[in-house]
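A.B. asks: structure for this input, please:
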Amino acid sequence: MNFSKSTKRKLGRFAALWMGCGLAWMQAQTVAQTVAVGPYAVEEIPMPKGVAPEIGGLDFTPGGKLVVVTRRSGILRARPVKDASQFAWEVFSDQSLHNANGVLVLDENRMLVSQMPELTQVSDTDGDGVADEYRNLASFNLSGAYHEVTAGPVSDGKGGYFIAMNTASYSGFTFVHTRGEFSAVGRRGRNFSSVPYRGWILHLDAAGRVEPWAKGFRSPNGIGTDAEGNLWVTDNQGDFRSTNPLYHVEKGGFYGHPSSMVWDPEFVKSDAKRDPLKEPMEALDAARVPEAVAFPYGFSRSPAQPLVDTTKGRFGPFAGQMLVADAAAPRIIRAMVEKVNGTWQGACVDFYSENGLRNGSNRLVFSPEGTELYVGQTMREWAGAMEGLQRIVFRGGRVFEVLRMHLVADGFELEFTEPVDAGAGDAPQAFGTEVYGYKYSSSYGSPEEGTQRVMPTAVQWSADRRSVHLVYAGMQAHRVYRVTFQGVASGGQALGHTMVAYTLNTLAR
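C.D. replies: Numbering: from 1, shown residues only. Okay, here's the model as predicted:
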């Protein structure tokens, strides 16, 4: 929609008045809290009074302003300052957007926002600091269920965008009049796809054409790309979801949740009423792309946005790796992925948990300087009443962690950020390992199955004590190797996080 000049002036005056009241309240009554643990510190960033701090999107403008998209209180902007209680918030838009759950800044005055029903370009066309144009770039189909949220957009690097579409939930209702063609077959199941293209990743090209890109998703609340243009998507445990996964997504792939297949022309070509929920489980299992990382459930409860560390070391030693938000645990996870024989797989380890970090972490963005990670949290009933804005600040200093976990033919090579003390970790008992799998089925999640407790048969350290080769007898594909470290130290300092889990989809040759 377009606003007249007089309306925009009124909005600007309202925004200034509203912000003045909120800012005065912040300065008078709110003190930003800081919790410091080793080289990192978590800082609370107060939001203005009257703002419901359920955050669906975070990004930075080229000029360095933090953009915060909320579910019910519009879009705010502020230039970060050292004192987290002194952000001078501006109201870019006071529109109550429809469950906004993603933002991508285009320039200082334009951004793309994903709402449940559409991808919207929100613009300030005259540069007065207040949005005055809301342009629909793509419409999404809806059955009416609360669960039909979107994630993204993320750039495809070619002027287009990727968007992730949730399925609907059986615990919600369906409208009598839906947006988009209604499928009675697609309406079946715990999580369903009764309108196109729920449970899909969509691609919007530079010309504005929307194309269904990949299917088989349940609740893909996180989507991102890496420096090479690879597309990464998180999903949430549930029906046809053994545990929480991180997927590498390619065009045409099927990622395990069958409900969305009703909108695949190839699947229904021979029978328009073909029901994917009646397909043999073995056939679905054989057709699906496995997750690159299977997060142990409990360690990860509800993964959200994956964000690649592009800071080149300004946020610690993890450049190029992924940090993954979790909306139902006070934790941010680090993922270390690699391509083995053409298949993506890899490990996960804790990056930061508790110690001031809340539940509800939904969206992440690095500061332009690369020394701060902003964390936007939002409330979901299964995650607890946690919401707000925090930032994790890298203060410098020594970081002692597992840096990489690399599969080799007879086991793994683990690299550490610091040399490990002589005598620490020399015995196999220092690397207690559980090997287990998950069962793919229509059930809600799966326990860890067939768990075996093993020890390396050999432990071989490099001369500089920065890496260790763990040898295992009888390496197994389609299993997770979870290693728990005992007594591994550097300069007497204990390892920061002592569990790493590697999802082994294919063996090294």
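
A.B. asks: burial measure for the closest residue to Ser441 other than its chain neighbours, as a count.
C.D. replies: Distances taken as Cβ to Cβ, 6 or more residues apart in numbering place Met281 nearest to Ser441, at 6.3 Å, with adjacent residues excluded. Using the backbone N, CA and C atoms, a C-beta is placed for each residue, glycine as well. Residue neighbour count, defined by other Cβ atoms under 10 Å, stands at 13 for Met281.

A.B. asks: quick one, phi/psi of Met281?
C.D. replies: When read as degrees, to the nearest 10, the backbone of Met281 gives phi -60, psi -30.

A.B. asks: same thing with Pro258?
C.D. replies: Torsion angles, degrees, to the nearest 10, at Pro258: phi -80, psi -20.

A.B. asks: count the residues that sit near Leu137.
C.D. replies: By other Cβ under 10 Å, 14 other residues sit near Leu137.

A.B. asks: and the helix or strand where it lies, what does it pack onto?
C.D. replies: If you go by DSSP states H and E, Leu137 is part of strand 133-139. If contacts are counted by 3 or more Cβ pairs under 8 Å, 6 or more residues apart in numbering; DSSP states H and E, strand 133-139 sits against strand 118-123, strand 200-204.

A.B. asks: pretty sure Pro296 contacts Ala501?
C.D. replies: Yes - the pair Pro296 / Ala501 is scored as a contact, 5.5 Å apart, by Cβ atoms under 8 Å.

A.B. asks: show the pLDDT at Pro53.
C.D. replies: Pro53 carries a pLDDT value of 89.

A.B. asks: the domain parsing of the chain - what is it?
C.D. replies: 1-103+302-391, 140-220+222-301, 402-504 (automatic domain parsing).

A.B. asks: relative to Ala131, which of those domains is closest?
C.D. replies: Of all the domains of the chain, it is domain 1-103+302-391 that lies closest to Ala131, at 4.2 Å by Cβ to Cβ.

A.B. asks: now that closest one, how far from the centre of its chain.
C.D. replies: Averaging C-alpha positions (Cα atoms, centre = their mean, to the nearest Å) puts domain 1-103+302-391 13 Å from its chain's average.

A.B. asks: assign a three-state SS to Cys348, would you?
C.D. replies: strand (DSSP: H, G, I helix; E, B strand; the rest coil).

A.B. asks: residue contacts, it?
C.D. replies: 246, 293, 295-296, 299-300, 324, 333-336, 500-501 (Cβ atoms under 8 Å, 6 or more residues apart in numbering).

A.B. asks: most surrounded residue in the residues you listed?
C.D. replies: Val293 (31 neighbours).

A.B. asks: quickly find the element holding the residue nearest the centre of the chain.
C.D. replies: Computing the C-alpha centroid of the chain and ranking residues by Cα atoms, centre = their mean puts Gln305 first, at 1.7 Å. Using DSSP H and E, the element containing Gln305 is strand 303-308.

A.B. asks: sheet-wise, list the partners of the helix or strand just after that strand with their directions.
C.D. replies: Next helix or strand after strand 303-308 toward the C-terminus (DSSP H and E): strand 322-326. Partners of strand 322-326 in the sheet, by DSSP bridges, are strand 303-308 (antiparallel), strand 331-340 (antiparallel).

A.B. asks: quick one: low-confidence ranges for the stretch 1-150 of the chain?
C.D. replies: Scanning the stretch 1-150 of the chain for pLDDT under 70 picks out 1-32.
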